[in-house]
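Asker: Pasted the sequence and its predicted model underneath.
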Amino acid sequence: AEVEETLKRIQAHKGVIATMVINAEGIPIRTTLDNSTTVQYAGLLRQLTMKARSTVRDIDPQNDLTFLRIRSKKHEIMIAPDKEYLLIVIQNPCE
Amino acid sequence: GHPEIFPLVFTTKTQDIFDCRVLEDVTEENCFKLIKKEDIIQDLKTRAAISDFHPVKKVVLEYPGEELLVVFDAKFQYGQNFYLVASEEAKENLLKPPESNEEKKEEKGEEKEENGEATLEVHPYKPPVPKPWVSLGSEKEVEEESVKDTVAKIKYKISRVRRKFGAPITFTDRNASHVKNSYLECTSYQDKAFSIKMLEKNVGIQMVPKVREASTQTKWTYPKNAATQYFPRQLSTEEKEESLSSKQLKEFFTSVHLRMEVALQQNEIMNAFFDDWKALAEDESSSGGKPDVYLKAYQSFTDLLYLKDRTIGCVCWHPTIYGIIAVSARDRHYYEEQANLSDKSLLQQSVILFWSFFDPIHPKLMLECPEDIYCFQFSPSDPNIIAGGCINGQVVLWDISHHEEKLRNAKTDDDAMKMTAVHSVNASTLNVLQYSCMSGPSLTQVQDSSTESPLVRYCAVSSIQYSHKKPVTDIHWLPDYSEDNQTGATCENRPGVRTQLVTCSPDSSVLFWDIPATKLLEQPSSEKVREGEIFDIPLDVPATLHHLDLCWKPLIKINLCESDTNPEYSPVRISLRELHYHYKISEKVQSLNTLEVPVKESPCTEMSTPSSKTLKALQSISTSFFVGTEDGEIVYSDWKMEIDSDPAKPHTQKYTIHTETINTLQRSPFFKDIVLSIGGRNFALWKEGITTRPILQSSCSAGRYTAGQWSLTRPGVFFIGRDDGNIDIWDLLMKTYEPSHFQNISESTITFISPCIASPKQHLAVSDDLGVLHVLEICQTLSKASKNEHANLLDYFEREVKYLKYCEQEFQEHQEFQAKPEPK
């Protein structure tokens, strides 16, 4: 319930196109997009997150990745990683 | 022969004399006879001429020896039975060697008999006999090469003092170069005067086999296990539910959502990557400087046959196929000479011509029209359905699905096009029948075989009594999400299939037509079934809408009349808001509100009733519309029937700005509430909702405006055609009091303008009174909108609205001020 509420709140933000929750293995648990797109995003972004995290930790082992933002021409992909899950939000920043 | 042999004939007498009687003294074996020379000479003397030796007398006399040999030639080897051998040597040879040969032969024969077997003759071994050496000159070379002492060797005898004999000697070395002048040197130098070219040099060469060791390593590919996943792993719904409700997820969210919201908000607040510098540059290009504005002529189409003495009434681009444009022709003066129309229509077949960019001479397709077409439109949902309005008030439908392939492949067969000469209505039907024999019902055959531009007959015409009484001046397809039906509620239609038309005509009526969609979706292959029922329909016309032919009635008819004072309006152009609408008539419009809802064909009712059940009625709709009339009035009204409406509130607005017939009434493609109206010598921009005045009204211009269109890409640009053949380009952001640019296109009046954005180069189709269609290319400044144009225009309109309000306010205040009695 709380989870639902949080997700709804995030989705209600201006410009948000899609929201996804992915587990540690890269399997989507909750998504607002269609299945094939979600699976594609999940696979690619999880790998990217792993890479980013390992980069950060290589430079400084005490450090850890807290947030990853990818800005592209059309929209912005925001990834919040955690120990077990991954929250991905795609937003269109310009009006 | 042998020079020493002389053949002789010995007679018996001679034989007797010399005792060489054949077979007695001499035989074959013993054939030699030696005769003394003296005897022969004696014989010669005695017998002289008859002697047998006479011919050889001389030889005998000269014979050196004593005895001559005479040989008995038993075999007549030399021609005679005897022959004389004339030389000693030969004599010896003859006598001796045959004997020795015989001896040898006898020996050999004996040996052979002793050995028995015949073996190869073995020659006895003879060791090589040393021969004396023959000098060939090689000892000279050897002498040259050998080294000899040329100088006698110098001998030095060194002796020591006697007393030192036997004493040990110590030898040391001394370097000769250390002491000066201890030696004389004769160094070699290059003498320039001396030049001998060495032509030959003896060089010793030894061939040595080279052995080299080298090594290399090859790659060894070894098998390695690899795995590929071909479909993604997914969780089942229960697992998903489980993980969703898990505690870890909740913790995750509590920790994560704050960060996410911060990021989202950041994006909402401002765009961090906005390049102000770049944006500034864009503004500069639009406002400053004068870019080159022009319309470049691209192509022009005209047809000598069909468009002779005719003017083009309406021009439409094909919505999907690039490069196809359709043109309808009509007579020039349609009102004045309407009486004479009956003569003319027989002479010239009225058609809609389809031109393709790739073939400017032959039209691609011709649509046969029952009468001159005043206006037509492609159906937006199915570009193969074309609806047109005739000058006699009928509405005509065509279906060109058969020729769609041909239009699409217009590029390929532009060489092979030939026009058929069609001069009368009868001939055309015959021709069409003729042509239709060539083409079967299948789509693919059509494009290959024909070399003439086909004439497509219309497939449905509305019934004459229910159509307009005057020419149909404007026709539009209605948006697809509305459908009127008998119950009067607007419902959602199935998306994509536009099935309704609205037409207006100067007989002051607006008609809504409905095309039963079931027939539209039907396959044309069923045309054969209908063939027998309907006469003189050619084979190649699809059966769509056949049932409507000549019995098609409009759905709704609305008469536009103002209630009390003025006579009816005669609408020439109509512009509906592109949203849903009701067709309920307002109470204010009193005369004729009878809804003529004719009895529909059964498929239609079947169609409509289910839709009304399943789809919900739409509430938020706008029912207002603009109508431009023949007298130059703009009427703004709506049809919404309000039961509890306020009678004081006017529903219909009428504006008289223009002095002549309205020829264009068009909504802006960018702003749904801005309408452009053009008529007579001026034009006006209207905003829906502002009921007092237009927000922009142009001043009277020198020439008449005859046609106009908004640009499809730039919100503030529109094109106006004039009666002197010029096109005025108005850019609202640059100047609002005069056109920003004008260009002359043709000599006669411009009748219709139509822009097209199908290609990267935008085209503008301009038709004129002479029947010529000019296609122009719009230059980039006119076609490419700058970033803020839309926003700027909105600002502009708002400013104008405010100004109008302010003016009104001022006016009202002024009125009040005037009305107030002057204070004394």
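Answerer: All right, it came through fine.
Asker: For A:Gly43, identify the helix or strand it belongs to.
Answerer: helix A:35-59 (DSSP states H and E).
Asker: quick one: that helix near chain B?
Answerer: Yes. For helix A:35-59 and chain B, the contact criterion (C-beta under 8 Å from any C-beta of the partner chain) is met by A:35, A:39, A:42-43. Where you see a C-beta, it was placed from the backbone N, CA and C, and this is true even at glycine.
Asker: nearest residue to B:Arg233 other than its sequence neighbours?
Answerer: Leaving out its chain neighbours, the residue that sits closest to B:Arg233 by C-beta to C-beta, 6 or more residues apart in numbering or on different chains is A:Ile27, at 5.4 Å.
Asker: Phi, psi for B:Arg163 please.
Answerer: phi -70, psi -20 (degrees, to the nearest 10).
Asker: for the residues of helix A:35-59 next to chain B, which one is nearest B:Leu68?
Answerer: Comparing the residues of helix A:35-59 next to chain B against B:Leu68 with C-beta to C-beta places A:Gly43 closest, at 136.9 Å.
Asker: buried residues in the strand or helix carrying B:Glu808?
Answerer: Element membership for B:Glu808 (DSSP H and E) is helix B:789-819. By 16 or more other C-beta atoms under 10 Å in any protein chain shown, the buried positions in helix B:789-819 come out as B:789, B:792-793, B:796-797, B:800, B:804.
Asker: Can I have the buried ones of the residues of helix A:35-59 next to chain B as a ChimeraX selection?
Answerer: In ChimeraX, a selection of the buried entries from the residues of helix A:35-59 next to chain B looks like this (16+ other C-beta under 10 Å):
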select /A:39,42,43
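Asker: closest to chain B among the residues of helix A:35-59 next to chain B?
Answerer: A:Val39 (4.2 Å; C-beta to the nearest C-beta).
Asker: Leaving aside the residues adjacent along the chain, what's closest to the closest one?
Answerer: Going by C-beta to C-beta, 6+ apart, A:Val39 has B:Pro232 as its nearest residue, at 4.2 Å.
Asker: So for residue 12, what's the pLDDT?
Answerer: In the absence of a named chain, this looks at chain A. Looking at A:Ala12, its pLDDT is 89.
Asker: try again with chain B
Answerer: 79.
Asker: so who does it touch?
Answerer: B:Arg21 (C-beta atoms under 8 Å, 6 or more residues apart in numbering or on different chains).
Asker: returning to that earlier point: what about the residue nearest to A:Val39, neighbour count?
Answerer: Using other C-beta atoms under 10 Å in any protein chain shown, B:Pro232 has 15 neighbouring residues.
Asker: Quick one: classify residue 7 as helix, strand or coil.
Answerer: All of this refers to chain A. helix (DSSP: H, G, I helix; E, B strand; the rest coil).
Asker: that's the wrong chain, I wanted chain B
Answerer: Quick answer, by three-state DSSP: B:Pro7 is strand.
Asker: Write down the beta-bridge partners of it, one by one.
Answerer: Judged by DSSP bridges, the bridge partners of B:Pro7 are B:Tyr83.
Asker: on that earlier part again, my guess is the residue nearest to B:Arg233 meets A:Thr38, correct?
Answerer: No. Using C-beta atoms under 8 Å, A:Ile27 is not in contact with A:Thr38; the gap is 10.0 Å.
Asker: List of residues touching stretch B:228-240?
Answerer: Under C-beta under 8 Å, 6+ apart, the answer for stretch B:228-240 is A:23, A:25-30, A:35, A:39, A:42-43, B:243.
Asker: Compute the number of surrounding residues for B:Lys180.
Answerer: If we define neighbours as other C-beta under 10 Å, then B:Lys180 has 6 of them.
Asker: separation between it and chain A?
Answerer: The gap separating B:Lys180 from chain A is 80 Å, by C-beta to the nearest C-beta, to the nearest Å.
Asker: Tell me the backbone dihedrals of that residue, please.
Answerer: phi -70, psi 150.
Asker: In contact with the residue nearest to B:Arg233: list those residues for me.
Answerer: A:42, B:232-235.
Asker: what does the model give residue 5 for pLDDT?
Answerer: All of this refers to chain A. 88.
Asker: you looked at the wrong chain, it should be chain B
Answerer: 77.
Asker: ok, now B:Ser711?
Answerer: 83.
Asker: Quick check: it touching B:Val717?
Answerer: Yes. Assessed by C-beta under 8 Å, B:Ser711 is found in contact with B:Val717 at 4.0 Å.
Asker: what residues do these two have in common as contacts?
Answerer: B:Leu782.
Asker: related to what we said a few turns ago, which helices and strands does the helix holding A:Gly43 pack with?
Answerer: strand A:16-22, strand A:28-31, strand A:68-71, strand A:76-81, strand A:86-91 (3 or more C-beta pairs under 8 Å, 6 or more residues apart in numbering or on different chains; DSSP states H and E).
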